[in-house]
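Visitor: from the sequence below, what's the structure:
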Amino acid sequence: MFRTLLLLIPLIILPSRDSMRPWAKDDIRADEVVFTPYLADDSLNAPTVIVCPGGSYCWLDVKGEGIEVSEWLRDNGISAFLLQYRTAGFGAYFTRYRYVARGNRHPDMICDVQRAIRYVRENSDSFGVDPNRVGVMGFSAGGHLAMSAACFSDTDYTDLPQGPASVSLRPDFVAAIYPVVTMKGDYAHKRSRRGLLGEWGKYRDKLREQMSIEENIPSDCPPVFMINCKDDPVVDWHNSVLLDEALSKAGIEHKYIQYETGLHGFGVSEVYGSEESRKWKDEFLEWLKPFMNK
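Guide: Numbers count the residues shown, from 1 in each chain. The predicted structure is shown next:
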């Protein structure tokens with residue numbers, strides 16, 4: 001338990017002064033969801049990426065898989081928006097109070113990423129970005145969320161007073177970095193499943209099926225970039241294999257890179273991971289070139 005607390009301390013990051021609240025001030029979600037822009041200099045001639053950190057749907061690695069990633073994208077000419085979406089939270093992780101109270105759980109997380117896509121597209125003129133080149137990049141559980149945005153865009157979860165979205169909720173591309181994919185079977189990441197589905201929902205076969213990405217690839221799924229490492233000790237590497245197979249079966253354009261080493265949670269670090277796995281950044285920038293200067 002003490003070791004877990006030590007691991008969580010670096011994840012507690014306060015919003016920056018540039019942060020925004022994508023939900024209205026009087027909305028119950030307003031204080032929990034934070035949206036921070038990292039705008040590139042020539043943002044109209046490059047795609048925009050909404051960044052979803054990982055954290056097992058229980059918390060967020062805001063620094064390593066959020067701020068550092070967003071800064072790296074911006075420094076490479078790609079505008080980024082860091083999304084601090086709702087998670088189950090430390091209280092739910094330690095006390096399991098969601099057996100008797102709802103807490104945060106599905107569909108809160110996909111609701112937040114859809115709100116982010118909608119917010120960027122509806123305010124694209126203000127941000128100076130192209131609304132037709134908006135992608136989502138997610139790490140670990142955030143990778144599951146990024147793929148959820150691609151798989152379930154036909155359902156508007158945002159439920160805003162002004163009515164349904166007038167813009168598309170479908171991302172134009174997805175980057176899933178060492179992603180959680182399945183919610184069922186031996187390869188499921190149990191902590192992410194519990195964080196997403198709740199204490200009771202994790203037992204419901206139908207809900208586990210509905211939220212297993214490999215079972216829900218739509219025919220109009222956007223292009224996907226995906227990497228993972230075979231020595232990943234956190235999320236079983238077969239998660240990415242399941243996604244690769246499902247995308248191939250559906251005929252979806254995608255690139256899957258499987259590294260032998262790198263472990264998990266390295267983000268864009270030049271220290272963590274391995275020399276092999278750190279190559280993913282160059283691979284992604286190369287993959288993204290068709291979306292540049294359209």
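Visitor: use CA for all of it now, contacts and neighbours both
Guide: Noted.
Visitor: give me the pLDDT for Gln162.
Guide: The model reports Gln162 with a pLDDT of 69.
Visitor: which stretches in the protein count as helices?
Guide: Remark: helices assigned in the chain by DSSP state H are 2-8, 68-75, 89-95, 108-122, 124-127, 141-151, 190-201, 205-210, 238-250, 280-287.
Visitor: what's the angle between the longest one and helix 141-151?
Guide: Between helix 108-122 and helix 141-151, the angle formed by their directions is 60 degrees, by axes from the mean of the first three to the mean of the last three C-alpha atoms, to 10 degrees.
Visitor: please name every helix or strand in contact with helix 108-122.
Guide: Applying 3 or more C-alpha pairs under 8 Å, 6 or more residues apart in numbering; DSSP states H and E, we find helix 108-122 packed against helix 141-151.
Visitor: what sits against the closest residue to Gly64 other than its chain neighbours?
Guide: Leaving out its chain neighbours, the residue that sits closest to Gly64 by C-alpha to C-alpha, 6 or more residues apart in numbering is Gly267, at 6.0 Å. Residues near Gly267 by C-alpha atoms under 8 Å, 6 or more residues apart in numbering: 64-65, 68-69, 139.
Visitor: which of those residues has the most neighbours?
Guide: Phe139 (29 neighbours; other C-alpha atoms under 10 Å).
Visitor: low-confidence ranges, this protein, go.
Guide: For the chain, applying pLDDT under 70 flags the ranges 1-17, 20-30, 162, 294.
Visitor: let's see it at 50
Guide: Within the chain, the ranges that satisfy pLDDT under 50 run 1-12.
Visitor: and the nearest residue to Ala46 once chain neighbours are set aside, how far is that from Arg170?
Guide: Distance criterion C-alpha to C-alpha, 6+ apart; nearest residue to Ala46, sequence neighbours excluded, is Met292 at 4.8 Å. Applying C-alpha to C-alpha, to the nearest Å, the value for Met292 to Arg170 is 19 Å.
Visitor: who's more crowded, these two?
Guide: Arg170 (23 against 14).
Visitor: what sits against the residue nearest to Gly66 when sequence neighbours are not counted?
Guide: Nearest non-adjacent residue to Gly66, counting by C-alpha to C-alpha, 6+ apart: Pro53, 5.2 Å away. Applying C-alpha under 8 Å, 6+ apart, we find Pro53 in contact with 60-62, 65-66, 83-84, 138-142.
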